[in-house]
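Q: Everything below, folded, please.
(chains A, B, C and D)
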4 protein chains.
Amino acid sequence: MSNSFGKIFKITTYGESHGVGIGVIIDGCPAGIPIDEELMRIDMQRRKPGQSKITTQRKEEDEVEVLSGVFEGESTGTPIALSIRNKDQKSKDYSHIKDSYRPSHADFTYDQKYGNRDYRGGGRSSARETAARVAAGAIAKMVLAHYKVSVQAYVSQVGSLRLEKSYQEMDLSEAENNIVRCPDQKMAERMIDLIDETRKNRDTIGGIVTCVIKNTPIGIGEPVFDKLHAVLGQAMLSINAVKGFEYGSGFEGVKMYGSAHNDAFTREGERTITRTNHSGGIQGGISNGEDIYMNVAFKPIATIMNDQESIDKDGNEVTVKGKGRHDPCVVPRAVPIVEAMAALTITDFILRAKTSKIE
Amino acid sequence: MSNSFGKIFKITTYGESHGVGIGVIIDGCPAGIPIDEELMRIDMQRRKPGQSKITTQRKEEDEVEVLSGVFEGESTGTPIALSIRNKDQKSKDYSHIKDSYRPSHADFTYDQKYGNRDYRGGGRSSARETAARVAAGAIAKMVLAHYKVSVQAYVSQVGSLRLEKSYQEMDLSEAENNIVRCPDQKMAERMIDLIDETRKNRDTIGGIVTCVIKNTPIGIGEPVFDKLHAVLGQAMLSINAVKGFEYGSGFEGVKMYGSAHNDAFTREGERTITRTNHSGGIQGGISNGEDIYMNVAFKPIATIMNDQESIDKDGNEVTVKGKGRHDPCVVPRAVPIVEAMAALTITDFILRAKTSKIE
Amino acid sequence: MSNSFGKIFKITTYGESHGVGIGVIIDGCPAGIPIDEELMRIDMQRRKPGQSKITTQRKEEDEVEVLSGVFEGESTGTPIALSIRNKDQKSKDYSHIKDSYRPSHADFTYDQKYGNRDYRGGGRSSARETAARVAAGAIAKMVLAHYKVSVQAYVSQVGSLRLEKSYQEMDLSEAENNIVRCPDQKMAERMIDLIDETRKNRDTIGGIVTCVIKNTPIGIGEPVFDKLHAVLGQAMLSINAVKGFEYGSGFEGVKMYGSAHNDAFTREGERTITRTNHSGGIQGGISNGEDIYMNVAFKPIATIMNDQESIDKDGNEVTVKGKGRHDPCVVPRAVPIVEAMAALTITDFILRAKTSKIE
Amino acid sequence: MSNSFGKIFKITTYGESHGVGIGVIIDGCPAGIPIDEELMRIDMQRRKPGQSKITTQRKEEDEVEVLSGVFEGESTGTPIALSIRNKDQKSKDYSHIKDSYRPSHADFTYDQKYGNRDYRGGGRSSARETAARVAAGAIAKMVLAHYKVSVQAYVSQVGSLRLEKSYQEMDLSEAENNIVRCPDQKMAERMIDLIDETRKNRDTIGGIVTCVIKNTPIGIGEPVFDKLHAVLGQAMLSINAVKGFEYGSGFEGVKMYGSAHNDAFTREGERTITRTNHSGGIQGGISNGEDIYMNVAFKPIATIMNDQESIDKDGNEVTVKGKGRHDPCVVPRAVPIVEAMAALTITDFILRAKTSKIE
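A: Purely as a prediction, here's the structure:
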């Protein structure tokens, strides 16, 4: 198990889907950061189940309690522990899958790795775990606010419905004005229809979340193995259901010639900038001050409402019943999770960069 | 700087393109592994410059000296230090870029981050650094041989030339029979022509390396942050010029419905297997015994032979001359680098998994 | 802040003396360990305040709640989170020290390092933090039970009262039969008298805790920096008020000649043993199967009941009043803390050793 | 194996006593530090064998080659690799111990842990490994020079000959004026005589090195587990032959009452200082600006020139012959090693502290 992320601003999470609770310790948050619990509550609301007709109807309140590390409204430099109690633990819902290996879930691999398994709702492998990430990410965003860095994610694809506009062509804040979190309202409607139709078919569908980080300080990222985009990649790929990551020109960039792909430097007043940004704000693994943007690919989640054939622990054939309350498409709720992982990564690297040179 | 990779089988690399030498320490290699330096030499040959008309004509011998950790032909459990002296250090070639910021290179970001910079040949940001990874990867492959795990990479795309066959449809060992390292000989010829044409145009072009890992033990990978594919992603994204990573169904998978994407479990004798493998051999971040496969996207490298406009340290406009000896397309030489990073990652996780449960 | 300890069996603690609560996440506990909460309760009782006339009369219940990582009575390999709510938070007791720097406390250094400080009861610097260590240590002892390793600590010195008998000459289980936790009942009485007298003088006094680890598997410890005794040393020195650590022959050993100090090997049936054990069970940083024994020196704790002259934040002279409820001598309650740190260290190294060689 | 030390300023060492060479990579040295190889050479001379009649007569030149990370006389922020080739590799000297377990050496434990062993001169367990620490420590001292921190060690005890003067009562620079490195010339003579007599008796003897660190910035140290003194303890205990560590009042402090032990704060101009310094410059694990001082206890080294009874791998009784060239007392040559570990530790913590608070 490796439940920590980050080297200076380091989070460690715990908790199973249907255990007593989940939570996170943030070790390494600098002292002196104003902590606004309301901002945390807002991000928790964006992630929580049951927020619209296209998300699971399961109810989780996800109230976060701050147990330590904050005094008189400010971080103290000591560990910040955040606790979320599980309230809606309908354990009986899961007895039917106790011995079955649900297709494309982690039931089989957990059993093989650990020899036992908390089968209730997927246990630790459930995406419920990401609630702790969002809570910690909200604290990271408070640190980033000090550095004027903003992180904004949105849904850019659902199934084959792809938003062709680049992020510069839209007002990203519009994403929060519809339930699918796509900043283009027309595309949003089509996406919502597709998800709703998928839900009615008792099926699920994949999608892409795009994330844009603006105003990153120049010089963060730690070559050669902790290049900024490499750790962003790990961060995103560690989210449940993610199958791919690209930044800057990404997979499309492979088709380009260097003469077209290279980003020419120029000056804007005292600032050195680039005319294009195929680099995605990162060169040699280090931020260059331009926007950092990336795509995160989510597969259709494995829990579908139709019956599926599978086997159980003992190799017997079984039918896995489709029941419970699940998301037909994970990307709308994944938006704050992607933001959280981006914020946690950038915060860690800003702190790490403080030791790069002697001044 | 973060020049270590791995938690148990941990490598730490050093060295600049035109310094005295480069190298790596492997800390945590188990004792008792037969060390065959010839295998290391073979992988170094696959990576070295000057091996064909479509790679740079720069000569580097890349002889690896084993300084420690091996005794009487076996690893001893102590650190294995590998050293490669730089021989072809034509420093004068680089005086013209001393103060210039080459487009899409790391000159600007290194200067900003560190306040100074070894400008000779890109210094630490040069892909020369990956020679140390290949040397260490060869040792990792020797550990994997003990576990019967194989790692094989090949070129699946150059520019827009995309090999549509899946890895199962080809004999991957054919990849080493042509200079572009594509297992389909017809496509290989087309790719070679495209790279050669690009070279003649003094330009560069991108490509994709596909990597397949077979026979991974079931149960490796460390959720929730060190999911197997998440660390594979970091490993690949840390290679110079990589812009994207996907595994299993990857970016295409987002278009699928869950009912089609889910991999049904079944039995083959005593083994539990899946009928399809959209999961790419990893479920919940843990290997399930099926093949692990992934794509790694490389941009066109930034050094082109045509002149480019840029600025220097002081903000003056300069022309960056295209000269020196560079690869028109990086993917043929990237094949052993991708394999090395895969081998290092899998080796580390096999060792990490030894503590998952009490037996 | 660095609130994690261990590399495989890794604990991360949080919490302030007078905050909402304290706790710990154990990441890396192997699956399949029977978890007996009663054993945890027993160690918590041994550490808790108010247990006798020679400890502080402050009441803390220290009930530990298991939030995750345990299912049907066994560890699952996922993080085990343990939570202890603070109940006796008489914050008003501490307003008098809000701006004062108490002599030999961490008030000054925390203020300097972090710029702010939770001054209530010492905040994070309070020994209350060690309750989380004891809870985690109890889990470690459950892992060690699987390996038949025992850890036993006792008080061997209070002030100048030094127990001259070696640990082999006593029944160490006797230590729990008196309130000072010294296995020699006569010496225990003298120690109790000395502590009681010190308490009446409103003063404090130091002492030594000796710890003995039996039946450690041969071959644990990770040279060259994580030698077994080096990490045991860090573990012990990280406990509040500890000023020194020695193992085996320790400081006395410097006076010896090599011819007398060397431990001759011999055989006992099939086992290789040593005739003497000046090495303290560790050679070259690796366990040799003999008993591991060590001394941990505790200073007199800084909180005394008499008034002291000091200064405040602004440099003004102030009188620090002696009030509150504090231990006149910390060693009786430190016994389970020393055991916890030993158990955590040994557990981590047993797991780390699983990757030393290929079998 | 764990051959890394430090979290930001991190060293990784390699090499066996009689292999090709030893060395170290420093990852995380800030850019912009002037690197003076002559300072490194001086410390290597202080550690090297054969420097006087009371050290081993073995000759090792210990020339350090800088392979990377330094450009135009300054650190660049990239890894600094230092290489020392082994020159005096009389392997034939060691064939007689190939299968024997020398008393109180690591032969037995390495064999048990790793299943094989480089038996030449102790292989990795040889104190030859510390040469790499001294080389890295010299770089650390160059970083500390930037912060005006000084580190000075000296011999304060050999066998029962104990220097009773405190470090404040002597001119510590005098330590380098005699071959035993004791700043009191009279005591130095007595110590030299004792070591010489021990050498003639073909025996060895232990000793204590005291180390004083002046001008440490206030606020370094990372509670709760990486308290400054806890990591200093680990650093010192990781040196070959060390059996104990104490700082400030140390083991003697346990006899004191709190009223006498507490260090009263006062002001000296604008600075907050303490009237006494039983705390040894560290309170709550964080530096308070006072001198940091510590004692490090070295046992008599195990290689004596007299014959000893032991057993071999197969359990047969054997006589271990006393031959070769070894130190009768390790402390004179240990002085620069202790300084190196102190310098490495302080440097790491100064860098770590840069992220404690938002400014």
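Q: Now A:E129: closest residue in space, sequence neighbours ignored.
A: Excluding its sequence neighbours, the residue lying closest to A:E129 (CB to CB, 6 or more residues apart in numbering or on different chains) is B:V224, at 5.6 Å. Where C-beta positions appear, they are placed from N, C-alpha and C, glycine not excepted.
Q: which residues does the one you found contact?
A: Going by CB atoms under 8 Å, 6 or more residues apart in numbering or on different chains, B:V224 touches A:1-3, A:13, A:124, A:129, A:238, B:285.
Q: all helices for the stretch 251-359 of chain A, in order.
A: A:258-261, A:331-352 (DSSP state H, counting those that start in this stretch).
Q: So what touches the shortest one?
A: Which is helix A:258-261. Helix A:258-261 has contacts (CB under 8 Å, 6+ apart) with A:249, A:253, A:278, B:104, B:203-206, B:299-304, B:306, B:308.
Q: what residues does chain A put near chain D?
A: With the criterion set to CB under 8 Å from any CB of the partner chain, chain A comes near chain D through A:8, A:28, A:30-33, A:77, A:143, A:146, A:351-352, A:354-359.
Q: Now list the buried members of the contacts of helix A:258-261.
A: Buried subset of those (neighbour count, 16 or more other CB atoms under 10 Å in any protein chain shown): A:249, A:253, A:278, B:104, B:203-206, B:299-304, B:308.
Q: Between these, which sits nearest B:A135?
A: Set against B:A135, the nearest of the buried ones among the contacts of helix A:258-261 by CB to CB is B:I301 (21.8 Å).
Q: Can you verify my assumption that that closest one contacts B:A334?
A: No - with contact defined as CB atoms under 8 Å, B:I301 does not count as touching B:A334 (10.1 Å).
Q: which neighbours do these two share?
A: With CB under 8 Å, 6+ apart, B:I301 and B:A334 have common neighbours B:A241.
Q: Which single residue in the stretch 1-150 of chain A comes nearest to chain B?
A: A:A106 (2.3 Å; CB to the nearest CB).
Q: quick one on the thing from earlier: would you mind finding the most buried of the helices of the stretch 251-359 of chain A?
A: With neighbours taken as mean count of other CB atoms under 10 Å in any protein chain shown, the helices of the stretch 251-359 of chain A reach their highest mean count in helix A:331-352, at a mean of 27.
Q: what's the average pLDDT for that one?
A: Averaged across helix A:331-352, the pLDDT comes to 98.
Q: In strands, which of the contacts of B:V224 appear?
A: Using DSSP state E, A:T13 are the members of the contacts of B:V224 that sit in strands.
Q: residue contacts, A:T266?
A: A:272-275, B:311.
Q: Buried ones only from these, please, as a ChimeraX command.
A: Entered in ChimeraX, the line below selects the buried ones among the contacts of A:T266, by 16+ other CB under 10 Å:
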select /A:272,273,274 /B:311
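Q: with the contacts of A:T266 in mind, which one is nearest to chain C?
A: For those, the residue nearest chain C by CB to the nearest CB is A:T272; the value is 33.4 Å.
Q: Surely the closest one is in contact with A:D263?
A: No - A:T272 is beyond contact range of A:D263, at 11.4 Å (criterion: CB under 8 Å).
Q: Now do A:Q283: how many residues are near it, please.
A: For A:Q283, the count of nearby residues is 28 (other CB atoms under 10 Å in any protein chain shown).
Q: of all of the stretch 251-359 of chain A, which residue lies closest to chain B?
A: Residue nearest to chain B within the stretch 251-359 of chain A: A:G284 (2.4 Å; CB to the nearest CB).
Q: per-residue confidence at that residue?
A: We have a pLDDT of 97 for A:G284.
Q: Please look at it and B:D111 and confirm they touch.
A: No - the pair A:G284 / B:D111 is not scored as a contact, 10.7 Å apart, by CB under 8 Å.
Q: what's the following helix or strand after the helix or strand harbouring A:D111?
A: Assessed by DSSP states H and E, A:D111 sits inside helix A:107-114. Next along the chain after helix A:107-114, taking DSSP H and E as the criterion, comes helix A:130-146.
Q: What helices and strands are in contact with that next one?
A: strand A:10-15, strand A:21-27, helix A:37-47, strand A:80-85, strand A:150-158, helix A:331-352 (3 or more CB pairs under 8 Å, 6 or more residues apart in numbering or on different chains; DSSP states H and E).
Q: Make CSV out of these and add distance to B:R181.
A: Formatted as CSV, those follow (distance: least, CB to CB, whole Å):
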stretch, distance to B:R181
strand A:10-15, 40
strand A:21-27, 44
helix A:37-47, 44
strand A:80-85, 49
strand A:150-158, 32
helix A:331-352, 33
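Q: and A:I97, how many neighbours?
A: Residues lying near A:I97 (other CB under 10 Å) number 22.
Q: which residues does it contact?
A: Taking CB under 8 Å, 6+ apart, we find A:I97 in contact with A:107, A:119, A:320.
Q: So which of the residues you listed wins on neighbours?
A: Neighbour tally across the contacts of A:I97 (other CB under 10 Å): the maximum, 28 neighbours, falls on A:D107.
Q: What are the buried residues along the one helix or strand A:R190 maps to?
A: In this assignment (DSSP H and E), A:R190 forms part of helix A:185-200. Using 16+ other CB under 10 Å as the test for burial, helix A:185-200 gives A:187-188, A:190-192, A:194-195, A:198-199.
Q: Adjacent strands (with direction) for the following helix or strand past that helix?
A: Using DSSP H and E, the next helix or strand after helix A:185-200 towards the C-terminus is strand A:207-214. If you go by DSSP bridges, strand A:207-214 pairs up with strand A:150-158 (antiparallel), strand A:292-298 (antiparallel).
Q: could you dump these to TSV with mean neighbour count and mean pLDDT?
A: Converted to TSV, the strands paired with strand A:207-214 look like this (neighbours: other CB atoms under 10 Å in any protein chain shown; pLDDT from 0 to 100):
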stretch	mean neighbour count	mean pLDDT
strand A:150-158	25	98
strand A:292-298	26	98
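Q: returning to that earlier point: more neighbours, A:G284 and B:D111?
A: The residue with more neighbours, out of A:G284 and B:D111, is A:G284; 26 against 18, by other CB under 10 Å.
Q: wait, what's in contact with the more buried one?
A: Taking CB under 8 Å, 6+ apart, one finds A:221, A:223, A:227, B:105-106, B:109-110, B:125 in contact with A:G284.
Q: Highest neighbour count among those residues?
A: Neighbour tally across the contacts of A:G284 (other CB under 10 Å): the maximum, 30 neighbours, falls on B:Y110.
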